[in-house]
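A.B. asks: Pasted the sequence and its predicted model underneath.
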Amino acid sequence: MILVLEKTVTQEEKNRILSTLREDGCMVREMSEAGQSIMGVTGKAGHDANFFQQLPGVAKVVPISTSFKLASRQMHHEDTAVHVGDVVIGGERIVVIAGPCAVESRDQALTIAREVRKYGAVLFRGGAFKPRTSPYSFQGLGERGLKILAEVREEVGLGVVTEMTSPTQADMMMKYVDVVQIGARSMQNFELLKCVGRLGKPVLLKRGLSATIEEWLMSAEYILSEGNDDVILCERGIRTFEPYTRNTLDLSAIPVIKNLTHLPVIIDPSHATGIREKVSPMARAAIAAGADGLMIEVHHDPDKALSDGAQSLYPKQFGRLMRNIYVIAPVIGKQLDFGYLDKATAVKHLSKTKGKGVQRAAFLGEMGTFSQKACTQYFGTKVAAVPMSSFRAIFEAIKGGNAEFGVVPLENSLTGSIHENYDLLLEYNLRIVGEITLRIMHHLIGHPGVKVETIERVFSHPQVFQQCRQFLERHDSWELVSMKDTARAVSQIKEKGDVTNAAIASKEAADIHGMEIIEEGIETNPRNYTRFVVIGTEPLENGPRHKSSLIYSTGNQPGALYETLKVFAGNGINLVKLESRPIHGKPWEYMFYVDLEADIESDAFKPVVSLLKEKTDYLRILGSY
Ligand code: PEP
Ligand code: MN
């Protein structure tokens with residue numbers, strides 16, 4: 001059961017509740033949900049709910065209806081994020097674990113690790129203790145394999161995941177690895193589960209070959225009940241009557257799991273299908289279905305692999321899969337970040353060298369805006385997102401040293417460029433150091449239980465009204481109230497308390513303020529994307545960079561723009577954007593805004609830049625990223 005405590009509960013009352021529960025034979029976890037103190041209670045209580053309800057300081061007793069308690073979503077409403085070094089599993093950034101089935105040699109592991117890291121994997125997998133169906137098959141390198149994994153971490157910079165098959169390996173696991181895997185065959189080895197529950201390392205718990213979801217979550221409960229909260233669930237296919245694939249991948253487990261538990265879930269399409277060609281389609285589907293990540297077997301020479309070669313992707317195939325995931329993720333509100341680890345290292349380095357502690361990124365509006373989402377999806381949670389009241393305030397904050405970075409929208413796929421930010425980029429001497437694209441889904445949000453017929457007034461940003469024009473035309477009696485940002489629109493309707501008011505904003509904004517979505521996805525065109533750029537005073541990461549942004553003006557003579565474009569064409573540089581904007585104070589004169597696919601600031605492009613300088617009156621490189 002869960003005890004929800006009074007907002008005014010004193011420490012003395014808390015202590016009394018705790019000792020009553022413990023005397024009653026219960027185990028208690030103190031937690032906080034949305035600022036509210038709660039106690040998660042497991043074990044057999046000697047008293048019934050009424051008894052606990054009457055204890056001073058208890059506001060409410062909520063029974064947990066499922067057999068698993070600590071794993072239950074009822075116990076912990078928010079998603080659990082499992083931290084492995086700089087990697088966070090269970091958030092808006094997709095985590096991909098890749099590597100061979102088994103560690104075969106130092107060379108093999110390092111070769112594959114370098115390849116998968118290059119393509120965007122953030123953790124390395126490889127078995128050293130292999131639970132094989134046949135005792136005559138390769139059983140793994142044992143401790144020697146673990147030592148190789150530790151070397152991979154040192155040399156390639158990837159945290160390592162490996163399977164533990166017996167409690168006797170606990171010390172070795174502590175010494176060499178970052179995440180301990182419990183294989184499908186061990187899912188109900190309860191002694192092993194209790195052991196990893198006490199280990200103090202994150203655990204990746206695979207679903208058993210014929211386990212129900214409930215049995216799987218009960219196994220997670222074993223680990224959680226020993227005090228280890230860092231459990232990652234991994235669906236790897238279940239045994240059915242179908243012989244065409246090695247197992248049957250149960251993708252429907254993803255939404256079921258998301259509903260039942262707060263734990264992150266990743267998908268292993270390699271063991272699920274057992275066939276190389278089937279791995280990528282299933283991996284793509286898993287991400288579309290809402291998985292937090294993937295575990296993929298990759299081998300540079302699968303024909304010679306000592307185990308599971310037939311299901312291992314070639315590194316290049318893995319690279320292609322990653323590019324597809326990169327495109328799919330934003331559609332469902334997530335990101336695959338190719339710069340994940342490098343960015344984390346760069347941010348840590350800045351914090352150290354500048355001696356300012358936590359790095360800060362300024363964004364427009366309140367928590368729950370799309371700008372804040374862009375900010376946390378780009379940086380993760382290690383950089384503090386700092387709300388600002390205007391775009392100019394973001395630029396000022398960086399200039400004045402009150403933030404190291406800013407995240408500003410630059411263009412929307414439906415409504416075009418956000419000119420104010422282009423003007424500010426010209427005015428301030430800051431650089432573009434990165435970019436991130438978000439799908440923008442708008443929802444009609446109101447007070448809990450309110451129906452669309454009740455609404456008379458809608459609050460949001462004017463751009464949002466434009467993006468939801470068709471929906472709003474169907475409700476033309478509604479008064480539209482302009483707000484500075486979407487999250488503020490939600491906080492306003494909450495504050496006013498009037499049920500005839502609604503807001504248009506993101507799901508996150510509704511969640512933060514305890515409001516409800518009345519109509520989902522009301523933007524006219526679902527292909528609604530906003531591209532944000534990250535600005536700062538110096539480049540965030542070392543190269544290679546793929547894209548650059550420039551602003552320039554030319555003389556007013558025939559062919560002036562053509563001459564500049566010839567420079568790009570002649571050097572094989574692909575332009576992805578060309579826009580002209582009026583120059584302030586000079587009517588009918590224009591600046592050209594160009595995005596191109598090249599690292600224009602690198603040495604290789606120095607001659608191109610000199611040529612461009614000759615052909616332009618003014619040239620400013622906003623940054624390469
Ligand atoms: C593995 O990941 O290498 C493995 C043996 O997987 P499973 O336990 O899912 O069969
Ligand atoms: Mn395998």
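C.D. replies: Looks like it arrived, so ask away. Since the structure is predicted, the reported quantities are computational estimates derived from the model, not experimental observations. Numbers count the residues shown, from 1 in each chain. Ligands and ions are numbered 1, 2, ... in the order given.
A.B. asks: What sits closest to the residue in the stretch 451-600 of the chain that ligand 2 sits nearest to if chain neighbours are left out?
C.D. replies: Here the residue of the stretch 451-600 of the chain nearest ligand 2 is residue 544; by Cβ to the ion that distance is 32.8 Å. The C-beta positions use only the backbone N, C-alpha and C, and glycine is treated the same way. In space, and not counting its chain neighbours, residue 544 is closest to residue 599: 6.1 Å by Cβ to Cβ, 6 or more residues apart in numbering.
A.B. asks: Could you check how many residues crowd around that neighbour?
C.D. replies: Using other Cβ atoms under 10 Å, residue 599 has 17 neighbouring residues.
A.B. asks: returning to what we had before: three-state assignment of the residue of the stretch 451-600 of the chain closest to ligand 2?
C.D. replies: Assigned with DSSP: H, G, I helix; E, B strand; the rest coil, residue 544 falls in the coil class.
A.B. asks: For it, give its distance to residue 624.
C.D. replies: For residue 544, the distance to residue 624 equals 9 Å [Cβ to Cβ, to the nearest Å].
A.B. asks: For ligand 2, give me its nearest residue in the stretch 51-200 of the chain.
C.D. replies: residue 101 (3.1 Å).
A.B. asks: Correct me if wrong: that residue contacts residue 295.
C.D. replies: No. In this structure residue 101 lies outside contact range of residue 295 using Cβ atoms under 8 Å: 10.9 Å.
A.B. asks: contacting residues around the closest residue to the residue of the stretch 51-200 of the chain closest to ligand 2 other than its chain neighbours?
C.D. replies: Nearest residue to residue 101 in three dimensions, chain neighbours excluded: residue 308, at 3.6 Å (Cβ to Cβ, 6+ apart). By Cβ atoms under 8 Å, 6 or more residues apart in numbering, the contact set of residue 308 is 100-102, 270-271, 274, 297.
A.B. asks: Let me know the closest of those to residue 63.
C.D. replies: Nearest to residue 63 out of the contacts of residue 308 is residue 271 (Cβ to Cβ; 37.2 Å).
A.B. asks: shouldn't that closest one be in contact with residue 311?
C.D. replies: Yes. Here residue 271 reaches residue 311: they are 7.1 Å apart, a contact under Cβ under 8 Å.
A.B. asks: Which strand or helix spans residue 422?
C.D. replies: helix 419-427 (DSSP states H and E).
A.B. asks: so the very next helix or strand once past that helix versus helix 419-427, what angle?
C.D. replies: Counting by DSSP H and E, the next helix or strand C-terminal to helix 419-427 is strand 431-439. Calculated by axes from the mean of the first three to the mean of the last three Cα atoms, to 10 degrees, strand 431-439 forms an angle of 160 degrees with helix 419-427.
A.B. asks: contact partners of strand 431-439?
C.D. replies: By Cβ under 8 Å, 6+ apart, the list of residues contacting strand 431-439 from outside reads 330-333, 335, 339, 343, 370, 373-374, 377-378, 405, 407, 410, 425, 528-541, 547, 549, 622-623, 625.
A.B. asks: cool, stretch 233-252 as well?
C.D. replies: Residues from elsewhere that reach stretch 233-252 (Cβ under 8 Å, 6+ apart): 181, 184, 204-207, 209-211, 216, 220, 253-254, 257, 261, 263-269, 271-275, 278, 282, 285-286, 289, 295, 311.
A.B. asks: Please list the residues of the stretch 201-350 of the chain that sit near ligand 2.
C.D. replies: For the stretch 201-350 of the chain, the residues in contact with ligand 2 (Cβ under 5 Å from the ion) are residue 308.
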